[in-house]
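In: Just a sequence and a predicted model for now, questions to come.
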Amino acid sequence: MGNRTLMYVGAGIVLLIGVCLFGYGILSVIGSTSSPERASWFGYGIVFAIVGAVFLGGGILLIVRNQAKGQEGGGDNITYQIDLPSQTRVEQMKCRSCGGALKADNVKMIAGAPTVECPFCGTTYQLTEEPKW
């Protein structure tokens, strides 16, 4: 499970706790006004309602923050700079499958290895440096 999924599950749990506490607090306040014997529950009802509202706000904040983080790309983007040997000329590279000309834009880092994807046939393969001897 990804971090975003765990964040949504956590937000759902916090929201559920908030709804329960807020609802119990409101019902306690209403019940304490209905009879003089229950008047002592008025203060407890207010406290439960406030704590429930805090949990509701926290759950909503978690959801909004998670969605905002998802829209900005999550902040987990890593940029790799590929340092090719001096004899490598990317504009001279050709696809191993179809022979199409490859450009520097076709080279990407995938799982820590320089990988090329052919724009013509869609073939993806790792670049390997041949020995110089």
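Out: Sure thing, it's come through.

In: check contacts around Ile30.
Out: Ile30 is in contact with Gly45, counting by Cβ atoms under 8 Å, 6 or more residues apart in numbering. Just so you know, the C-beta spots here come from the backbone N, C-alpha and C atoms, and that holds for glycine as well.

In: Next up, phi/psi of it, please.
Out: The phi/psi pair for Ile30 (degrees, to the nearest 10) reads phi -60, psi -40.

In: Same check on the one 5 residues further on?
Out: Listed backbone geometry of Ser35 is phi -150, psi 150, with angles given as degrees, to the nearest 10.

In: same thing with Cys98?
Out: Dihedral angles (degrees, to the nearest 10) for Cys98: phi -110, psi -10.

In: Disregarding residues adjacent in the polypeptide, which is nearest to it?
Out: Ranked by Cβ to Cβ, 6 or more residues apart in numbering and with sequence neighbours excluded, the top spatial neighbour of Cys98 is Cys121, at 4.3 Å.

In: Give the helix, strand or coil label for the one you found.
Out: Recorded secondary structure, Cys121: coil (DSSP: H, G, I helix; E, B strand; the rest coil).

In: Adjust the sequence numbering to begin at 41 for everything that follows.
Out: In the new numbering, first residue 41, that becomes Cys161.

In: List the contacts of the closest residue to Gly140 other than its chain neighbours.
Out: Closest residue to Gly140 apart from its sequence neighbours, by Cβ to Cβ, 6+ apart: Phe160 at 3.8 Å. Residues near Phe160 by Cβ under 8 Å, 6+ apart: Cys135, Cys138, Gly140.

In: Would you list the buried entries among the residues you listed?
Out: Burial by neighbour count, judged by 16 or more other Cβ atoms under 10 Å, picks out Cys135 from the contacts of Phe160.

In: Now pLDDT and distance to Ala93 too, for the contacts of Phe160, in CSV please.
Out: As requested, the contacts of Phe160 are exported to CSV (pLDDT from 0 to 100; distance: Cβ to Cβ, whole Å):
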residue, pLDDT, distance to Ala93
Cys135, 85, 61
Cys138, 88, 63
Gly140, 85, 61
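
In: Thank you, goodbye.
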